[in-house]
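[1] I'll drop the sequence and a predicted model, then ask my questions.
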Amino acid sequence: MSQQTPSRDRVLVIDDEQSVREAYRASLAPQGAAPASLDALDAALFGASASASTAPVFDVDLAAQGREGLERVKAAVSEGRPYGVAFVDMRMPPGWDGQETVEQLWKADPDLEVVICTAYSDDPWERVAERLGQSHRLLLLRKPFEVSEVWQLAASLSRKRRAESAMRMAHTALEAINAKLKAEIDARQTVEGRLKYDPLTALPNRLLLHERVERCIERARRENTFNYAVLFVDLDDFKAVNDTFGHAIGDALLIEVGKRLSQCLRGGDTAVKAEGDLPARLGGDEFVMLLDGVRNADEVRVVASRIQQALAQPVLIAGHEVAVAASIGFAMGSPHYQIPDDALRDADAALYQAKSDGKGAVRAFDDAIRANVLTRRRLANDLPLAVSGSQLRILYQPIHSLETGALESFEALLRWQHPELGPISPLQFIPVAEESGAIHEIGLWVLREACQQLRVWHERFPQSSHLSVAVNVSYHQLASARFAESVRTILKQVGLDGRHLNIEITEGVFIDSMETALAHLSELRAAGIGLHLDDFGTGYSSLSLFHQLPIDAIKIDRSFVANMGLDGRVANIVQAIQVMASNRNLKVIAEGIETIEQLAQLQALGCASGQGYFMSRPVDAAAAQELIRKGSVQGSGEGGAAAA
């Protein structure tokens with residue numbers, strides 16, 4: 001049987017110069033090239049370079065003016081084969097200009113991906129995006145451009161459109177499935193029952209769970225031999241499922257998880273009758289299992305293991321294979337429990353510790369966790385005094401050029417010296433600050449101190465006035481409506497230009513609201529402030545997300561740097577990140593450089609900048625000032641960046 005030729009993606013080029021139009025055609029549909037699938041993009045980015053026989057070839061249509069392009073778009077939509085992407089020239093006299101052309105194209109095809117091409121510096125992306133609105137479907141490409149740029153944009157944006165179209169179809173189908181399931185649940189439940197059951201999974205909700213736990217507490221008071229356990233089950237990285245596949249698939253997954261939990265009730269592993277066991281859903285991806293009449297913690301761990309094994313089996317939903325892992329924390333019944341919330345609180349604390357131990361962990365509530373809970377409460381109470389009592393301080397870790405060894409900037413790192421508990425790790429107190437809301441005051445303090453210190457260094461060392469400082473910002477800070485305004489106020493008060501401040505964010509800021517995060521970041525960008533994407537590669541980045549972010553630099557996570565020499569695939573990923581960043585004129589900064597071998601490998605890959613213990617540990621302001629004075633950073637051990 002002959003292999004079927006894959007359908008090729010369509011590209012539209014609108015440009016008033018014939019030579020330019022033909023250049024596009026030559027780049028995207030060379031004569032004699034065999035048609036290839038867009039899957040070749042993976043090979044180009046993460047494996048060997050794409051050859052003429054493997055690179056995707058597109059069906060390219062050309063138009064000299066906007067009106068002609070509009071007619072082609074209308075025809076493509078009516079034929080059911082819309083264009084994946086349109087390359088539109090900014091200025092095409094005497095007809096429509098590029099912006100008006102795009103407005104008309106989006107009226108005919110709102111999902112069309114657009115690349116506006118211009119050779120003029122007075123056509124900034126921000127102004128174009130402000131007029132056109134759909135910035136998530138709009139890119140600006142400067143002329144002259146490389147052939148590889150055109151090819152990569154056509155490939156990635158075509159794939160993005162196809163993926164979005166498939167997701168919409170799946171979403172529609174899943175909505176119908178969910179509607180049917182909810183209708184069946186509603187038909188089975190009485191009015192009283194509906195108040196005690198989760199409408200999505202049909203599992204008992206918090207109300208019914210509280211009733212059952214309260215019964216267990218009362219029975220334990222009457223019978224010394226009776227015991228019970230409460231298990232908190234939380235799906236690891238469930239938000240990534242929603243971000244990647246959409247909430248419809250996320251809901252369908254939760255329904256399946258509910259079914260599998262119900263199948264994990266005890267049977268042959270205990271001689272005690274287990275009719276009282278109860279699986280429940282509290283909301284989101286949080287589930288609880290009540291084990292009524294359990295004998296000991298070992299028996300609970302058997303059930304926990306069964307739950308993890310059941311959830312580890314992939315789920316096929318609307319053509320997508322989805323796999324999840326679960327972290328579990330549990331608390332055995334205790335005479336100290338007076339109300340259901342006491343048991344649920346301790347099980348939740350055990351879950352928190354399990355998630356801190358790593359994905360897929362199981363932890364029982366014990367004295368160590370109780371002490372940790374008490375410590376967290378104390379830290380929450382002491383944080384306000386830490387800000388006002390000068391217990392917080394900032395260390396500065398140098399970032400320098402991997403090519404010359406020259407000092408480029410610093411990253412400001414927050415530290416807490418508790419008067420009684422000693423040094424408190426940021427990993428320990430930052431989550432407490434976020435939960436309590438103290439992160440807003442602390443974050444602004446760090447920004448002010450770091451900017452003020454950099455301003456002092458600029459005045460003392462005019463030859464180092466190029467230095468900048470990077471400050472980490474959490475989702476909670478960025479979500480504040482007045483955060484960007486506060487940053488601008490601080491810069492104005494200390495007299496520091498925005499281009500000397502870099503805000504570091506992680507991909508987590510985009511989990512709950514991509515639009516809100518982008519709006520706030522755009523405000524910062526408009527003030528000239530640099531935006532760095534921290535811990536790149538460890539979150540939920542996609543190629544489409546990468547192209548949307550208004551960032552200046554990406555920071556390769558230290559886990560990649562540490563494993564480059566151990567795993568060739570990791571080195572290939574780092575190289576792919578470097579290539580993608582170069583194509584967008586983004587700076588690449590490597591974190592966690594600890595050996596000369598890592599430094600040499602990063603230099604060979606063309607990484608621009610780096611930081612790590614090999615060059616310098618974080619130091620206080622006085623030591624950082626001495627580094628500036630010397631004009632270079634000495635490496636820890638036998639050499640520094642320049643020595644490699």
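    Looks like it came in fine. It should be emphasised that the depicted structure is a prediction, and the values quoted were computed from it without experimental measurement.

[2] which residues in the stretch 201-350 of the chain form helices?
    Using DSSP state H, counting those that start in this stretch, the helices of the stretch 201-350 of the chain run over residues 206-222, 238-245, 247-262, 297-312, 340-357.

[3] tell me the contacts of Thr101?
    Each residue near Thr101 by Cβ atoms under 8 Å, 6 or more residues apart in numbering is listed here: Ile14, Gly66, Gly69, Leu70, Val88, Met92. Any C-beta I mention is one placed from the backbone N, CA and C, and that applies to glycine too.

[4] for the fifth one, what are phi and psi?
    Backbone torsions of Val88, given as degrees, to the nearest 10, read phi -120, psi 130.

[5] what bridges to it?
    Bridge pairing for Val88 (DSSP bridges) gives the partners Ile14, Ile116.

[6] that one contacts Asp16, correct?
    No - Val88 lies out of contact with Asp16 (Cβ atoms under 8 Å); the separation is 10.9 Å.

[7] more crowded one of these two?
    Between Val88 and Asp16, Val88 has the larger neighbour count (other Cβ atoms under 10 Å), namely 27 against 16.

[8] follow-up on the earlier one: turn the helices of the stretch 201-350 of the chain into JSON lines, columns for mean pLDDT, mean neighbour count and distance to Asn563.
    Shown next, in JSON lines, are the helices of the stretch 201-350 of the chain (pLDDT from 0 to 100; neighbours: other Cβ atoms under 10 Å; distance: least, Cβ to Cβ, whole Å):
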{"stretch": "helix 206-222", "mean pLDDT": "92", "mean neighbour count": "16", "distance to Asn563": "42"}
{"stretch": "helix 238-245", "mean pLDDT": "77", "mean neighbour count": "18", "distance to Asn563": "21"}
{"stretch": "helix 247-262", "mean pLDDT": "89", "mean neighbour count": "20", "distance to Asn563": "30"}
{"stretch": "helix 297-312", "mean pLDDT": "91", "mean neighbour count": "18", "distance to Asn563": "24"}
{"stretch": "helix 340-357", "mean pLDDT": "91", "mean neighbour count": "20", "distance to Asn563": "21"}
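
[9] can you give me the strands in the stretch 501-644 of the chain?
    For the stretch 501-644 of the chain, applying DSSP state E, counting those that start in this stretch gives strands covering 501-505, 530-536, 553-556, 587-590, 609-610.

[10] got JSON lines for the ones you listed, with mean pLDDT too?
    Formatted as JSON lines, the strands of the stretch 501-644 of the chain follow (pLDDT from 0 to 100):
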{"stretch": "strand 501-505", "mean pLDDT": "93"}
{"stretch": "strand 530-536", "mean pLDDT": "86"}
{"stretch": "strand 553-556", "mean pLDDT": "89"}
{"stretch": "strand 587-590", "mean pLDDT": "91"}
{"stretch": "strand 609-610", "mean pLDDT": "94"}
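
[11] out of these, flag the one nearest Pro110.
    strand 530-536 (28.3 Å; Cβ to Cβ).

[12] by contact count, what packs against that closest one?
    Counting contacts by 3 or more Cβ pairs under 8 Å, 6 or more residues apart in numbering; DSSP states H and E, strand 530-536 is packed against strand 468-472, strand 501-505, helix 514-526, strand 553-556.

[13] mind listing residues that contact stretch 118-136?
    89-91, 98-99, 102-103, 106, 110, 116, 138, 140-144, 518, 522, 525-526, 548.

[14] now the end-to-end length of it.
    One end of stretch 118-136 sits 19 Å from the other (Cα to Cα, to the nearest Å).

[15] make CSV out of the strands of the stretch 501-644 of the chain and add distance to Glu408.
    Output for the strands of the stretch 501-644 of the chain, formatted as CSV (distance: least, Cβ to Cβ, whole Å):
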stretch, distance to Glu408
strand 501-505, 10
strand 530-536, 12
strand 553-556, 11
strand 587-590, 9
strand 609-610, 6
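
[16] want to throw the ones you listed into JSON lines with mean neighbour count and distance to Ala173?
    Putting these into JSON lines (neighbours: other Cβ atoms under 10 Å; distance: least, Cβ to Cβ, whole Å) gives the following:
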{"stretch": "strand 501-505", "mean neighbour count": "24", "distance to Ala173": "35"}
{"stretch": "strand 530-536", "mean neighbour count": "22", "distance to Ala173": "34"}
{"stretch": "strand 553-556", "mean neighbour count": "24", "distance to Ala173": "36"}
{"stretch": "strand 587-590", "mean neighbour count": "24", "distance to Ala173": "41"}
{"stretch": "strand 609-610", "mean neighbour count": "24", "distance to Ala173": "47"}
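
[17] out of those strands, which is closest to Ala347?
    With Cβ to Cβ, the closest approach to Ala347 among the strands of the stretch 501-644 of the chain belongs to strand 530-536: 30.0 Å.

[18] what's the distance between Ala64 and Asp16?
    According to Cβ to Cβ, to the nearest Å, Ala64 and Asp16 sit 6 Å apart.

[19] ok, back up a step: ok, the contacts of Thr101 vs Ala229, which is closest?
    Within those, proximity to Ala229 (Cβ to Cβ) peaks at Val88, which comes in at 62.9 Å.

[20] how about stretch 567-582, which residues are buried there?
    Using 16 or more other Cβ atoms under 10 Å as the test for burial, stretch 567-582 gives Val570, Ala571, Ile573, Val574, Gln575, Ala576, Ile577, Gln578, Val579, Met580, Ala581.

[21] before we move on, what about stretch 279-293?
    Residues of stretch 279-293 classed as buried: 279-282, 285-293 (neighbour count, 16+ other Cβ under 10 Å).

[22] show me which pair in those is furthest apart.
    Asp285 and Gly293 (27.4 Å).

[23] which residue lies nearest the spatial centre of this structure?
    The C-alpha lying nearest the average C-alpha coordinate of the chain belongs to Glu507 (Cα atoms, centre = their mean; 2.9 Å).

[24] so that one sits against Ala517, correct?
    No - using Cβ under 8 Å, Glu507 is not in contact with Ala517, being 9.9 Å away.
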